[in-house]
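Colleague: I'd like to go over a predicted model; first the sequence, then the structure.
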Amino acid sequence: MKQIFILVLAVTLIAGCTQKNEFIVKGQIDNAAGEKIYLYRMDLSQDVPLDSFTIKRSGSFTLKQPRLSEPTFFKLALSPNRFITLLGDTTEMIEVNGQKENFTTKYSVRNSIGSKHVQMLKRKITRLRQEVDSLVNLYNGLPEAEQSRQAQAISNELTEAIDSYKMGIGTFVMDNPRSFASYYALFLTLSDETMVMNIMDKRDQVYFSTIATSLNLLYPESQRVRQLYDLVLNVKAEERRARLLEIVSNTSGSGAPDLSVADVNGHEIILSSLMGKVVLLSFSASWDNASVKENQRLKPIYEKYKNRGFEIYQVSLERSKVLWENDLAQNQIPWISVSDLMYTQSIAARTYNVQQLPANYLISREGDIIGKDLFGARLEEKLKEVL
């Protein structure tokens, strides 16, 4: 009996030591017997396959990995498009239970605070996406004449929904500054892949800076932490540079600060590449009625002078790429249109100290500012003079 007791004790101790050196994901997926379940590590550049398991007749599965050196994001997948995101830490034994039919939306998770937080955040962004997509579809379904009348109201609803979401995320981040779940929260996107939290927005920037600083103290070697920390540093450096350029003289003869902003296809267009032409640097927005009306007045002027060395470089202060694309198509904008999708925090707008919309600067062939906020007859009069 003594020998049996010692043997059982030894096996128990060995099992305990083994478990302490392992990270485990286990659980049960009903109605999925015989199917494969896969575990991927979510790196910054790719998903790395780690393990797979054929689900037993009872629905149970177990996946094991070596002890984690830092909190890590995983995909637990039944197929490439049916997966959930887990946030594992050191030697956790995460338990996941669900059904094959609604695996991605109605699973339960135990023994992992990080994974529970990720699940909660995923539900929040899903609700926001549905709300935003519904409003965008409503706008797109309106007759063209009705769109211009409804644009402001729909934009206000979009802004209200997004601001409410961001307030909740901000509270979560400040309550969990040492959690990788807060990192996850900062990078969630809308259906068109636009990030909701905007590092260029002063209010949101506080959250990025807080998480970057907190996680850098705990996990300075983590690639994700390094990426976030460098992002915050780069943005602050860019802001310092923008502040140096921000004061643009209202008098003629000032050199125009250069810009490089992407068009709707993602191609960067540099303002100075238009040197040799007279350029109207215009600031506009699809959600601003005054901007929409000004664009209609600009069209005949553009058609009249575009073959005489005149070009329009229009920076659109957009938050939604979908609404921006729709505006370009609906209003048949013929000139260069670019946007950094940073809404009113656009670096280009801040560089030129834009205070209201629409706004514009007229730039000579040599790259000097020769006029500001020229609209209608005043713009055409100036173009006749310089062309």
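Modeller: Right, received. Where do you want to start?

Colleague: contacts and neighbour counts: CA atoms only from here.
Modeller: Fine.

Colleague: And the helices in the protein, which stretches?
Modeller: Here the chain has its helices, by DSSP state H, at 2-20, 113-140, 144-175, 180-186, 202-218, 223-246, 289-305, 321-330, 347-351, 376-386.

Colleague: Let me have these in TSV, extended by mean pLDDT and distance to residue 337.
Modeller: TSV is the format used below for the helices of the chain (pLDDT from 0 to 100; distance: least, C-alpha to C-alpha, whole Å):
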stretch	mean pLDDT	distance to residue 337
helix 2-20	50	57
helix 113-140	95	20
helix 144-175	91	19
helix 180-186	97	28
helix 202-218	93	25
helix 223-246	80	21
helix 289-305	93	11
helix 321-330	89	8
helix 347-351	88	13
helix 376-386	91	19
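
Colleague: Please spell out which residues along stretch 151-163 are buried.
Modeller: For stretch 151-163, burial by neighbour count (16 or more other C-alpha atoms under 10 Å) applies to 151, 154, 155, 158, 161, 162.

Colleague: Sorry, wrong one. I was asking about stretch 205-217.
Modeller: Within stretch 205-217, the residues that count as buried by 16+ other C-alpha under 10 Å are 205, 207, 208, 209, 210, 211, 212, 213, 214, 215, 216.

Colleague: I'd like the distance between the residue lying closest to the fifth one once chain neighbours are set aside and residue 291.
Modeller: I take that to be residue 210. Nearest residue to residue 210, sequence neighbours excluded (C-alpha to C-alpha, 6 or more residues apart in numbering): residue 177, at 6.7 Å. Distance from residue 177 to residue 291, counting by C-alpha to C-alpha, to the nearest Å: 40 Å.

Colleague: before we move on, what about residue 198?
Modeller: On the measure of C-alpha to C-alpha, residue 198 and residue 291 end up 23 Å apart.

Colleague: Give me the number of neighbouring residues for residue 145.
Modeller: Neighbourhood size, residue 145 [other C-alpha atoms under 10 Å]: 8.

Colleague: got it, and residue 114?
Modeller: 20.

Colleague: cool, residue 324 as well?
Modeller: By the measure other C-alpha under 10 Å, the count of residues near residue 324 is 22.

Colleague: still on that earlier bit, thought the residue nearest to residue 210 was touching residue 214?
Modeller: Yes. Using C-alpha atoms under 8 Å, residue 177 is in contact with residue 214, at 6.2 Å.

Colleague: still on that earlier bit, and the residue nearest to residue 210, how far from residue 171?
Modeller: For residue 177, the distance to residue 171 (C-alpha to C-alpha) stands at 10 Å.

Colleague: With neighbour numbers in mind, choose between the two.
Modeller: residue 177 (19 against 11).

Colleague: Just the pLDDT at that one, thanks.
Modeller: Residue 177 carries a pLDDT value of 95.

Colleague: Ok, residue 356 next?
Modeller: You'll see residue 356 listed with a pLDDT of 88.

Colleague: residue contacts, the nearest residue in space to residue 262 that is not next to it in sequence?
Modeller: The shortest distance from residue 262 to any non-neighbouring residue, by C-alpha to C-alpha, 6+ apart, is to residue 268 (4.0 Å). Residues in contact with residue 268 (C-alpha atoms under 8 Å, 6 or more residues apart in numbering) are 260, 261, 262.

Colleague: Rebuild those as a markdown table, extending it with pLDDT.
Modeller: Shown next, in a markdown table, are these (pLDDT from 0 to 100):
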| residue | pLDDT |
| --- | --- |
| 260 | 92 |
| 261 | 94 |
| 262 | 93 |
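
Colleague: If you rank those residues by neighbours, which is first?
Modeller: residue 261 (19 neighbours).

Colleague: any idea how far residue 232 is from that residue?
Modeller: 20 Å.

Colleague: now swap in residue 67 and tell me
Modeller: Distance from residue 67 to residue 232, by C-alpha to C-alpha: 30 Å.

Colleague: These two - which one has more neighbours?
Modeller: residue 232 (21 against 17).

Colleague: show me what contacts the more buried one?
Modeller: Residue 232 makes contact with 199, 208, 209, 212, according to C-alpha under 8 Å, 6+ apart.

Colleague: One more: residue 287?
Modeller: Residue 287 makes contacts with 151, 152, 155, as judged by C-alpha under 8 Å, 6+ apart.

Colleague: Same check on residue 334?
Modeller: residue 299.

Colleague: Geometric centre of this protein: which residue is closest?
Modeller: residue 195 (1.5 Å; C-alpha atoms, centre = their mean).

Colleague: isn't it right up against residue 185?
Modeller: No. Residue 195 is not in contact with residue 185 according to C-alpha under 8 Å; the separation is 10.2 Å.

Colleague: I'd like the distance between residue 109 and residue 29.
Modeller: Between residue 109 and residue 29 the computed distance is 12 Å (C-alpha to C-alpha).

Colleague: Quick check: neighbours shared by these two?
Modeller: Counting by C-alpha under 8 Å, 6+ apart, the residues touching both residue 109 and residue 29 are residue 97.

Colleague: neighbour-wise, which of these two wins?
Modeller: Neighbour count, other C-alpha under 10 Å: between residue 109 and residue 29, residue 29 has more, with 25 against 17.
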